[in-house]
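[1] Structural data only, the sequence is not supplied:
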Ligand code: YXS
């Protein structure tokens, strides 16, 4: 069974995350189907992509597939982790990718949505960034994606509380572009992609790449990077990291010791 559905409407490509039973958890298999769809769209004259879940879902994506996270002792979010590969594929796709959000967006699913160029959500949509709930040390690139989208105090609140924020708050903060009722959201997003498709794809592609390069242009010294990696290693080597994984697998609340 395909984990994603793909569709071409004129010059718009639509990718629908379709593993509802697992709440569209971002497994390696699901991610490879999304990246394959994006690569397929590159070969066609696609001028805008919509990334969505089926209409009416309660969960857009439950984030990284926790069953695929390594036990303690290995970086869970290394450069070649599938989630990191997907984030880069979206950011480097040479046309705008619009996230059409219905339902809850969790963990790495928020970073996937926020790696998109624009977000349109239903009023019921929520956004929760949850590494702290699982004892996971988010990675620098991921934190930068969030920092480019969310005002610092709110980014800290979302990361430290792991609680969802509602679509209205995300709209007020400029994290999402529009809120649209579920009955109108697809037509609204397709009207947006039609406007984009009428403009110069070459001009849009170069401006998207300029914005990506400038927003990720942060001078980090080797010493600073190594210091952060060392701090992250203490976390993914910790009892707490293992406890977060074990608790999710056992469907119980984690008890973090701080060790
Ligand atoms: O028990 P079965 O086999 O039916 O499977 C259940 C869940 O185990 C599964 N599932 C997941 N499997 C792997 N990874 C996940 N992230 C994940 N989420 C869910 O899907 C089946 C249905 O789940 P269930 O019964 O809990 O559904 P629900 O409708 O009652 O609740 C939906 C959620 C999303 C509220 C709930 O599933 C949930 O809280 N999921 C975990 C959300 C989360 O914390 N995601 C962060 C993952 S780690 C990550 O993204 C990054 C590494 S980080 O944390 O750093 O941001």
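    Nice, thanks for sending it over. None of these values were measured; they are calculated from a predicted model. Numbers count the residues shown, from 1 in each chain.

[2] switch to C-alpha atoms for all contacts and neighbour counts from now on
    Will do.

[3] quick one: average pLDDT of stretch 233-240?
    When pLDDT is averaged over stretch 233-240, the result is 97.

[4] Likewise for stretch 108-120?
    Mean pLDDT, computed over stretch 108-120, is 97.

[5] So is that stretch next to the ligand?
    Yes - using CA under 6 Å from any ligand atom, a contact is recorded between stretch 108-120 and the ligand, made by residue 108.

[6] quick one: contacts of that stretch?
    With CA atoms under 8 Å, 6 or more residues apart in numbering as the test, stretch 108-120 has contacts from 26, 60-64, 83, 86-87, 90-91, 96-101, 127-129, 142, 145-146, 149, 175-180, 185, 189.

[7] Okay, helices next: where are they in the chain?
    Listed from the start of the chain, the chain has helices (DSSP state H) covering 28-43, 82-92, 108-115, 131-134, 140-147, 152-161, 167-172, 182-197, 201-215, 222-236, 239-249.

[8] re the thing from before, list buried residues within the contacts of stretch 108-120.
    Applying 16 or more other CA atoms under 10 Å to the contacts of stretch 108-120, the neighbour count classes 26, 60-64, 83, 86-87, 90-91, 96-101, 127-129, 142, 145-146, 149, 175-176, 178-180, 185, 189 as buried.

[9] tell me the mean pLDDT over stretch 194-209?
    Mean pLDDT, taken over the full extent of stretch 194-209, equals 98.

[10] quick one: terminal-to-terminal distance for that stretch?
    The straight-line separation of the ends of stretch 194-209 (CA to CA, to the nearest Å) is 21 Å.

[11] can you check stretch 214-227 too?
    From the first residue to the last, stretch 214-227 extends over 24 Å; the measure is CA to CA.

[12] follow-up on the earlier one: give me the subset of the buried ones among the contacts of stretch 108-120 that also touch the ligand.
    Taking CA under 6 Å from any ligand atom, the overlap between those and the neighbourhood of the ligand is 62, 63, 64, 129.

[13] Among the residues you listed, list the two that are farthest apart in space.
    64 and 129 (11.0 Å; CA to CA).

[14] so what sits against both of the two?
    Once CA under 8 Å, 6+ apart is applied, the residues that residue 64 and residue 129 both contact turn out to be 107, 108.

[15] Residue 151 reaches residue 173, doesn't it?
    Yes - because the distance of 7.5 Å satisfies CA atoms under 8 Å, residue 151 is recorded as touching residue 173.

[16] Cheers, nothing more for now.
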